[in-house]
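[1] Return a 3D structure for these sequence lines:
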Amino acid sequence: MMLQFMRPIDLKSPFSSRERYILIREKVLYYPKTCDPKSFQFPGWDHPDVFGRSAPIMLEYCSGNGAWIVEKALAHPELNWVALEMDFDRVRKIYSKRHNLNIENLFIICGEALRTSQAFIAEATIHDLFINFPDPWPKRRHAKYRLIQNSFVKELERILKKDAAITFVTDDSPYSSQFIKTLQQFPKMESHYETPYYVTDFPDYGNSPFATIWKKQGKDILYHRFRKKS
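    Predicted coordinates:
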């Protein structure tokens, strides 16, 4: 049976203009920032409303329009992939790609990274996680808005299984330095790479719009990988 082609705009918000609540609909978890997480019980990754099977969980934060994770989900159907993105318009783009390509191993979360991790992701359940080109907030006075902060990394360490890893990709050297310094404060996390703790060549990692843009401009892409010790 041929699927009806879906545009991003075809995914409508599940909420009225006045009411917001936490729910899962069509394998999308909506977690509005105004909602109390205690009002919702996440059913677990193998629940029919989520993946409906047990398989290693691969989580990408800040998935944007979903280009990278859609490619990965198609290439690795044996794995369960989770795209976490705060912006609803971007969630729409991920959803439409998933629908149009008939991808069954991709679950979407519309929510803020730290709060969602704290509320709904259980300890030692993630096999690998990825952060691709998060906003670098380049001005010093805005650095506090960067995703990579001690409180967030503490959550990443909590949800990772032993021997699982965080892969962090950026073109921004100051953000690279902040990521490395932050991760080095956590004794359980160790770099997969020797000094300078990143590589600029990662074959078969996958592509994204930002990677394409920066490579065309001649910028180095910095790939970091920190593993949780067993």
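[2] Can you get me the centre-to-centre distance for the longest helix seen in the chain and its chain?
    Counting residues, the longest helix found in the chain (DSSP state H) is helix 88-100. Relative to its chain's centre, helix 88-100 lies at 14 Å (Cα atoms, centre = their mean, to the nearest Å).
[3] next one: stretch 214-230
    15 Å.
[4] end-to-end on that stretch?
    One end of stretch 214-230 to the other measures 35 Å (Cα to Cα, to the nearest Å).
[5] swap in stretch 104-119?
    End-to-end for stretch 104-119, by Cα to Cα: 25 Å.
[6] Just the mean pLDDT for it, thanks.
    The average pLDDT within stretch 104-119 is 97.
[7] What lies in contact with that stretch?
    Under the criterion Cβ atoms under 8 Å, 6 or more residues apart in numbering, residues 27-33, 37, 42, 45, 50-51, 55, 61-62, 69-70, 73, 76-77, 79-86, 88, 91, 94-95, 98, 120, 147, 151-152, 155-156, 159 lie in contact with stretch 104-119. Just so you know, the C-beta spots here come from the backbone N, C-alpha and C atoms, and that holds for glycine as well.
[8] Only the buried residues of that stretch, if you could.
    Of the residues in stretch 104-119, 105-114, 116-119 count as buried by neighbour count, 16 or more other Cβ atoms under 10 Å.
[9] Check stretch 172-180 too.
    172, 175-176, 178-180.
[10] Make TSV out of the residues you listed and add pLDDT.
    Output for the buried residues of stretch 172-180, formatted as TSV (pLDDT from 0 to 100):
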residue	pLDDT
172	93
175	94
176	96
178	94
179	97
180	98
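[11] mind putting those residues in a markdown table, secondary structure and distance to residue 224 included?
    As requested, those are exported to a markdown table (DSSP: H, G, I helix; E, B strand; the rest coil; distance: Cβ to Cβ, whole Å):
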| residue | secondary structure | distance to residue 224 |
| --- | --- | --- |
| 172 | coil | 12 |
| 175 | helix | 10 |
| 176 | helix | 7 |
| 178 | helix | 11 |
| 179 | helix | 6 |
| 180 | helix | 7 |
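[12] Which member of those is positioned nearest residue 137?
    Proximity of the buried residues of stretch 172-180 to residue 137 (Cβ to Cβ) peaks at residue 175, which lies at 8.2 Å.
[13] Identify all contacting residues around the helix or strand bottoming out on mean pLDDT in the chain.
    Least confident helix or strand of the chain, by mean pLDDT, DSSP states H and E, is helix 209-216 with a mean of 79. Applying Cβ under 8 Å, 6+ apart, the external contacts of helix 209-216 come out as 64-65, 67, 132-133, 169, 171, 221.
[14] Give me the buried entries from those residues.
    64-65, 67, 132-133, 169, 171, 221.
[15] Using CSV, lay out the residues you listed together with pLDDT.
    Listed next are the buried ones among the contacts of helix 209-216 as CSV, based on pLDDT from 0 to 100:
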residue, pLDDT
64, 94
65, 95
67, 96
132, 96
133, 94
169, 97
171, 94
221, 95
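[16] taking these one by one, which sit in strands?
    132, 169 (DSSP state E).
[17] Turn the buried ones among the contacts of helix 209-216 into CSV, including distance to residue 196.
    Below are the buried ones among the contacts of helix 209-216 laid out as CSV (distance: Cβ to Cβ, whole Å):
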residue, distance to residue 196
64, 26
65, 30
67, 28
132, 20
133, 19
169, 15
171, 15
221, 14
